[in-house]
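Enquirer: structure for the following, please:
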Amino acid sequence: MSKTPEDVIGDESQVKEVPGDLFGAPQGSCLIHACNPQGVWGAGIAKVFKQKYPAAYECYKESCNEYQKENVHHDIVDLHSEDEDTISVRLPLGTALVIPPQPEDFENGRKKHWIVCLFNSSGFGKEVDSPEAILNHTFAALQDLDMQLVSLRDHNENSDDEQSMPGQLYSCRFNSGLFAVPWEQTREVIEEVGLSMTVVYPEGE
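Expert: Residues are numbered from 1 along each chain as shown. This next block holds a predicted model:
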């Protein structure tokens, strides 16, 4: 009998992996996936996110459109340099977009989920970034996510509404699909940042 995401809560490792349905994660959970900054969720699990969370998709697309109007860069760590030098990348690469549950997406009894977009590749399809660049962007985006979650939880710690705060982190094996980065490498980056996350992969994978 396979585990559900709820079955693995409480395990000691920071990254817990379990077969099942990512979208069956508990109410209030954060569902994480890797994105491009082009405003496109057109294939793979991103396409499923678009179908299940159309209002969240519109938030993501609007954010991408705003960044495309500007040409702002920031420095992130180059994990592949001996001295962990910094490199300059164009925003929103290396950042996370945290989208609160949208009413249109949880109507009719569906669960309220926060949607987290990690901007890990500047392009998609044949224009996807190199694995090395994607891992650099992933490290920075996860650090940004960590800081945002701390800020959100501190801001809402006295709220009576549990759904006003992001819950536990759930993800697919992001980067390992269309971005073609071996999952083990992304897992190492998650562990280095220190986030606790339940990774849900399809039955039989």
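
Enquirer: my guess is Phe124 contacts Gly39. True?
Expert: No: the criterion here is C-beta atoms under 8 Å, and Phe124 misses it with Gly39 at 10.7 Å. Every residue, glycine included, has its C-beta placed from N, CA and C.

Enquirer: and those two? Which one has more around it.
Expert: Taking other C-beta atoms under 10 Å, Phe124 and Gly39 do not tie; Phe124 has more neighbours (20 against 17).

Enquirer: how about the more buried one, what does it touch?
Expert: Asn36, Gln38, Val40, Gly42, Ala43, Leu178 (C-beta atoms under 8 Å, 6 or more residues apart in numbering).

Enquirer: which of these fall in helices?
Expert: Cross-referencing the contacts of Phe124 against helices under DSSP state H gives no overlap.

Enquirer: which of those are buried?
Expert: Taking 16 or more other C-beta atoms under 10 Å as the criterion, what is buried in these is Asn36, Gln38, Val40, Leu178.

Enquirer: in JSON lines, list those along with pLDDT and distance to Tyr60.
Expert: As requested, the buried ones among the contacts of Phe124 are exported to JSON lines (pLDDT from 0 to 100; distance: C-beta to C-beta, whole Å):
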{"residue": "Asn36", "pLDDT": "97", "distance to Tyr60": "10"}
{"residue": "Gln38", "pLDDT": "96", "distance to Tyr60": "11"}
{"residue": "Val40", "pLDDT": "96", "distance to Tyr60": "10"}
{"residue": "Leu178", "pLDDT": "93", "distance to Tyr60": "16"}
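
Enquirer: what's the farthest-apart pair in the residues you listed?
Expert: Within the buried ones among the contacts of Phe124, Gln38 and Leu178 form the most distant pair, 13.1 Å apart (C-beta to C-beta).

Enquirer: got a list of what the closest residue to Ala140 other than its chain neighbours touches?
Expert: In space, and not counting its chain neighbours, Ala140 is closest to Gly94: 3.3 Å by C-beta to C-beta, 6 or more residues apart in numbering. With contact set as C-beta under 8 Å, 6+ apart, Gly94 has these partners: His74, Ile76, Phe119, Asn136, His137, Phe139, Ala140, Ala141, Asp144.

Enquirer: wait, a strand at Gly94?
Expert: No: assigned with DSSP: H, G, I helix; E, B strand; the rest coil, Gly94 falls outside any strand and is coil.

Enquirer: ok, which stretches of the protein are helices?
Expert: Using DSSP H, helices in the chain cover 44-52, 54-68, 103-106, 131-155, 183-193.

Enquirer: tell me what angle the first one forms with helix 54-68.
Expert: On the basis of axes from the mean of the first three to the mean of the last three C-alpha atoms, to 10 degrees, helix 44-52 is oriented at 120 degrees to helix 54-68.

Enquirer: go through helix 44-52 and flag the buried ones.
Expert: Gly44, Ile45, Ala46, Phe49, Lys50, Lys52.
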